[in-house]
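Visitor: Fold the following and give me the result.
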Amino acid sequence: MTTGSPAAAAAQAPGRSSRVPVLLSVNAGLPRDVAWEGNTVHTGVWKYPVDGPAMVRRLNIDGDGQGDLAGHGGEMRAVLVYQIDSYRHWQRHFGRDLGYGQFGENLTVDGLPDDEVCIGDRYRIGEAEFEVTQPRVTCYRVGMRLGEPELPALLVSHHRPGFYMRVIAEGHIQAGDEIVKTRTGPGVVTVADTDALLYLPHKDRDHSATCCRPLNPPPHRRCRPDLPGPGSGRCG
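Guide: Coordinates of the predicted model:
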């Protein structure tokens, strides 16, 4: 298992945002049945750091999978990205340490903030190339993973959703790889703005319709992050 942690990364790279973005951890996990609130939930949100190179394919990283393919996964949501800066934010918010993969992300990165990355941006990591497609579809499973049922709503209201990418070119990646931007998205609309227009109340829906078009529109009517708890945000 990778030995790094968000706390260690914070101590080692306090000024990272001004430097080249880097991949801190590749995380994978296969779906499992988990007891939750008297029910059994089939989920792939339990992901853990992978040692050494990992092979990225069109639909998944080797050794990874999703439990609810109606709301997660597929070609346009092959890889989920979350940032170390957001880890630091939630560690302060919840008052506890958090390990890589605990937000269900495949790639934990230093850099690529949601308020700067745009839909359609492309990045090369190791041998692979990716394209940003949409913000995270926030459903109750991420709150279940951390034991924080209100987390799906908080990810949206704090403007820290993370984002999905599709795989443009398959290949191996590993922790420590630099992240190189290869193209800017055509609409220049950030992940955070897209997430807010889709999910937050009192936003400009006309603006959403004209300039905020995710490459793969999220099933946001099935996943409702505005309602905390395991009975809300159900996907599929």
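
Visitor: Same question for the one helix or strand residue 167 maps to: list its buried residues.
Guide: Residue 167 is located in strand 163-169, with elements delineated by DSSP states H and E. Buried residues in strand 163-169, counted by 16 or more other Cβ atoms under 10 Å: 163-167. Placement of C-beta: from N, CA and C, glycine included.

Visitor: Output those residues in CSV, with distance to residue 62 appended to each entry.
Guide: Formatted as CSV, the buried residues of strand 163-169 follow (distance: Cβ to Cβ, whole Å):
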residue, distance to residue 62
163, 21
164, 18
165, 16
166, 17
167, 12
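
Visitor: Tell me the one among the residues you listed nearest to residue 187.
Guide: Checking the buried residues of strand 163-169 against residue 187 by Cβ to Cβ gives residue 163 as the nearest, at 14.2 Å.

Visitor: Double-check the closest one against residue 134; I have them as touching.
Guide: Yes. Counting by Cβ atoms under 8 Å, residue 163 touches residue 134, with 6.7 Å between them.

Visitor: mind checking pLDDT for the residue lying farthest from the centre of the chain?
Guide: Distance from the C-alpha centroid of the chain, by Cα atoms, centre = their mean, peaks at residue 38 (27.3 Å). For residue 38, the model assigns a pLDDT of 85.

Visitor: same question, the one 5 residues further on
Guide: Predicted confidence (pLDDT) at residue 43: the value is 89.

Visitor: heads up, I number from 661, so please use that
Guide: With the count now opening at 661, the last piece we talked about shows up as residue 703.

Visitor: May I ask you to confirm that it is in contact with residue 689?
Guide: No. In terms of Cβ under 8 Å, residue 703 does not count as a neighbour of residue 689; the distance is 9.4 Å.

Visitor: what about these two, which has more around it?
Guide: Using other Cβ atoms under 10 Å as the criterion, residue 703 and residue 689 rank with residue 703 on top: 24 against 21.
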